[in-house]
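Asker: just a sequence and a predicted model for now, questions to come.
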Amino acid sequence: MDEDFDPNTYEGRRGRMEAAIDRALDRREGNALPALEYEHVLDYSRNTQLAEARASEVEDLAQYQRRVEQTDTFGNDLNLAYETGTMDPNDSAYSEGRYARHFERMEEAGYAYAGSVNLHEQRREGLIRNEQLRQADLQNQLQRQQSLGERSGHTARDLLPDVGQRRGTSHRENQQSRGTHRNKHHHGKKR
């Protein structure tokens, strides 16, 4: 892919940078369906890493767009000066150096933007993969419980741990009947 671009020309370097951005955006597009399926684990309001990755990506995109505009404007002005013959021969080396600096800043911003997109997608992919593994683990546990239940004559529900309150008692009655650590040791005199 990148070997098609000549790294010794501005066009080639720009092509390589734009290809890196395109690959990052293609990665995002490839993640569109899993992101929809697992949007419940991609909660930006509760995950600071995701929120930070998105904010960084937005900042890097804005920086990249500014640098492209500056570089293209300066490059167009430079080309116009050459085409119309208004370029002072004494200024051409200075102007070429200035264009090179504009281009390098644009190039850095472009690669930073591609990196931000990739980091954002990497974090999203990690959360999706963790959720897939969690769901597979739950499915395996349920299947094991069902097969154990079938062998012992119990249903899977019978094998699930009894979580929560005992039937027929309130939460407070349940605590009192068990006696909590606090009730035994932290209420002063025993009655």
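Answerer: The structure has been received and is ready for your questions.

Asker: switch to C-alpha atoms for all contacts and neighbour counts from now on
Answerer: OK.

Asker: please enumerate the helices of this structure.
Answerer: Taking DSSP state H as the criterion, the chain carries its helices at 10-30, 32-37, 48-84, 92-152, 156-159, 171-178, 181-185.

Asker: need those in CSV with mean neighbour count and mean pLDDT, can you?
Answerer: What follows is those, written out as CSV (neighbours: other Cα atoms under 10 Å; pLDDT from 0 to 100):
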stretch, mean neighbour count, mean pLDDT
helix 10-30, 17, 96
helix 32-37, 12, 90
helix 48-84, 16, 96
helix 92-152, 16, 93
helix 156-159, 13, 57
helix 171-178, 12, 50
helix 181-185, 10, 48
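
Asker: tabulate these (TSV), appending distance to residue 4.
Answerer: Shown next, in TSV, are the helices of the chain (distance: least, Cα to Cα, whole Å):
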stretch	distance to residue 4
helix 10-30	8
helix 32-37	29
helix 48-84	22
helix 92-152	17
helix 156-159	60
helix 171-178	70
helix 181-185	71
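
Asker: ok now stretch 105-120, how far from the chain's centre?
Answerer: 14 Å (Cα atoms, centre = their mean, to the nearest Å).

Asker: next, the contact list for the residue positioned nearest the centre of the chain, please.
Answerer: Nearest to the geometric centre of the chain sits residue 120, at 2.5 Å (Cα atoms, centre = their mean). For residue 120, the contacting residues are 50, 53, 54, 57, by Cα atoms under 8 Å, 6 or more residues apart in numbering.

Asker: give me that answer again for 6 Å
Answerer: Listed by Cα atoms under 6 Å, 6 or more residues apart in numbering, the contact set of residue 120 reads residue 53.

Asker: what of residue 81?
Answerer: Residue 81 touches residue 87, counting by Cα under 6 Å, 6+ apart.

Asker: go with 10 Å
Answerer: 75, 87, 88, 92 (Cα atoms under 10 Å, 6 or more residues apart in numbering).

Asker: ok, residue 113 next?
Answerer: Applying Cα under 10 Å, 6+ apart, the residues contacting residue 113 are 17, 20-21, 24, 56-65, 107, 119.
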